[in-house]
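> Got a predicted structure here, sequence first:
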Amino acid sequence: MDELTCCGFVSATSWLPTEKQISWLTWNTPVHNKQAAKSRKLQRVLQAQSTRHDRQVQNPFSWLRRDDSKIVAEIHQIVHQNPLTKKPDHIAIVMDGNGRYAQQHGMDRSAGHMEGMRTLYQVILWCLALEVKELTVFAFSAENWKRPAKEVDSLTRLFGQFLSNESKNWLESHRVEAEIAGDVSPFGEGIASLVSNFCRRECVDSKASAPRLKLVVVVNAGGQQDVIWAAKRLCEQVQQGRLDPSEITAETFESQLHVQLGSSPDLLIRTGGQQRLSNFILYYLGYTELIFLDDLWPELSPESFIKCLQEFARRKRNFGAVL
């Protein structure tokens, strides 16, 4: 069989050119030059779209305000189809699964935490729509400092974004009274300053401006450490003669805790498939109903959320009495 010499290599039916040789040939044809130009233009378009997407990921408010009414309407429709006979006044949530969600979707763990923050804003809207009075969430535990420095840094930046004026204004527009509970000093002066501004609110007597939901974000706190901290502070007061041991009550003990809640949660939801409390507000969970979901936190749907409330409604809470 005759061999044909082309561009310095030999081609025959029994021989195939290398990938590098094919690439050289195709990139030097007039047809491909036009295709390459189109390809470069498409790449620029995709890059621009990716940049816009990154901005949206970094700023959940770019979509949140636009979709507020849609999110509320969706939860109302689900409740209309599945009426609730009883609702909790106070819900606590361990928001677990951001990192695993990111890994499953080929994203950096920090992107998973951002998706988790989006879910938090949606849950806030769900609670408002269902007239839940209090929502307490576990954002950063005392044990989370053991995570890689890169992840701790990204969580700190995300915390700072949550404390931004844009976030505060969004919460206030929905009459959400937000508090940060826990020791924020290890995060640095910058975060501490943001927390001070975030929790500052004007005194308004108007009933129309009364909070519809109290949101408590628990950071850098552990249930066991908090109980020990409160006990030590009470012991110091007793030693100094400022407190008689007989005067110690549940109220005085709670006043010394880093995390001070207005009430104990009626329902605790933990996402992510783990069935443990992870040292979260242990003092307040004596009679809290516990529900554990396999859903990763960013995957939490309004349907799953309502199923949790339906399960809560089915449970009989007798608080130790016989009903």
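It's in.
> what about residue 183, is that helix, strand or coil?
coil (DSSP: H, G, I helix; E, B strand; the rest coil).
> So it sits against residue 259, correct?
No: applying Cβ atoms under 8 Å, one finds residue 183 not in contact with residue 259, separated by 9.6 Å. C-beta here means a position set from N, CA and C on the backbone, and glycine is covered the same way.
> Which one's more surrounded, those two?
The neighbour comparison of residue 183 against residue 259 (other Cβ atoms under 10 Å) goes to residue 259, with 25 against 15.
> and for residue 183 and residue 259, which residues touch both?
residue 221 (Cβ atoms under 8 Å, 6 or more residues apart in numbering).
> May I have the distance across stretch 83-93, first residue to last?
For stretch 83-93, the first-to-last residue distance is 22 Å (Cα to Cα, to the nearest Å).
> what's next to it, contact-wise?
123, 127, 130-138, 261-271, 280-281, 284-285, 288-289, 306, 309-310, 312-313.
> Low-confidence ranges, this protein, go.
1-65, 201-208, 322-323 (pLDDT under 70).
> Swap in 90 and give it another go.
Under the criterion pLDDT under 90, the flagged ranges of the chain are 1-69, 82, 142, 165-166, 199-210, 262, 316-323.
> ranges for the strands of it?
Applying DSSP state E to the chain gives strands spanning 4-6, 9-11, 90-94, 134-141, 176-181, 213-221, 267-270, 289-292.
> beta partners for residue 292?
residue 270 (DSSP bridges).
> got the contact list for it?
Residue 292 touches 269-270, 273-275, counting by Cβ under 8 Å, 6+ apart.
> Name the nearest residue to residue 151, sequence neighbours excluded.
Spatially, and ignoring its direct neighbours in sequence, residue 151 is nearest to residue 109 (5.6 Å; Cβ to Cβ, 6 or more residues apart in numbering).
> pretty sure that neighbour contacts residue 153?
No: using Cβ under 8 Å, residue 109 makes no contact with residue 153, being 11.3 Å away.
> Of those two, which one has the most company?
Per other Cβ under 10 Å, whichever of residue 109 and residue 153 has more neighbours is residue 109, with 19 against 12.
> Quick one: residues contacting the more buried one.
Applying Cβ under 8 Å, 6+ apart, the residues contacting residue 109 are 98-99, 102-103, 151, 154.
> how close does it get to residue 281?
25 Å (Cβ to Cβ, to the nearest Å).
> can the strands of the chain go into a markdown table with extra columns for distance to residue 160?
Conversion of the strands of the chain to a markdown table gives the following (distance: least, Cβ to Cβ, whole Å):
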| stretch | distance to residue 160 |
| --- | --- |
| strand 4-6 | 61 |
| strand 9-11 | 59 |
| strand 90-94 | 21 |
| strand 134-141 | 12 |
| strand 176-181 | 12 |
| strand 213-221 | 12 |
| strand 267-270 | 26 |
| strand 289-292 | 30 |
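> out of the contacts of stretch 83-93, which are buried?
123, 127, 130, 132-138, 261, 264-271, 280-281, 284-285, 288-289, 306, 309-310, 312 (16 or more other Cβ atoms under 10 Å).
> which stretches of the stretch 201-323 of the chain form helices?
223-239, 250-254, 302-314 (DSSP state H, counting those that start in this stretch).
> so what does the longest one touch, helix or strand wise?
Applying 3 or more Cβ pairs under 8 Å, 6 or more residues apart in numbering; DSSP states H and E, we find helix 223-239 packed against helix 250-254.
> if we look at the helix it packs on, which residues are touching it?
230, 234, 243, 260, 283.
> and those residues, which are buried?
230, 234, 243, 283.
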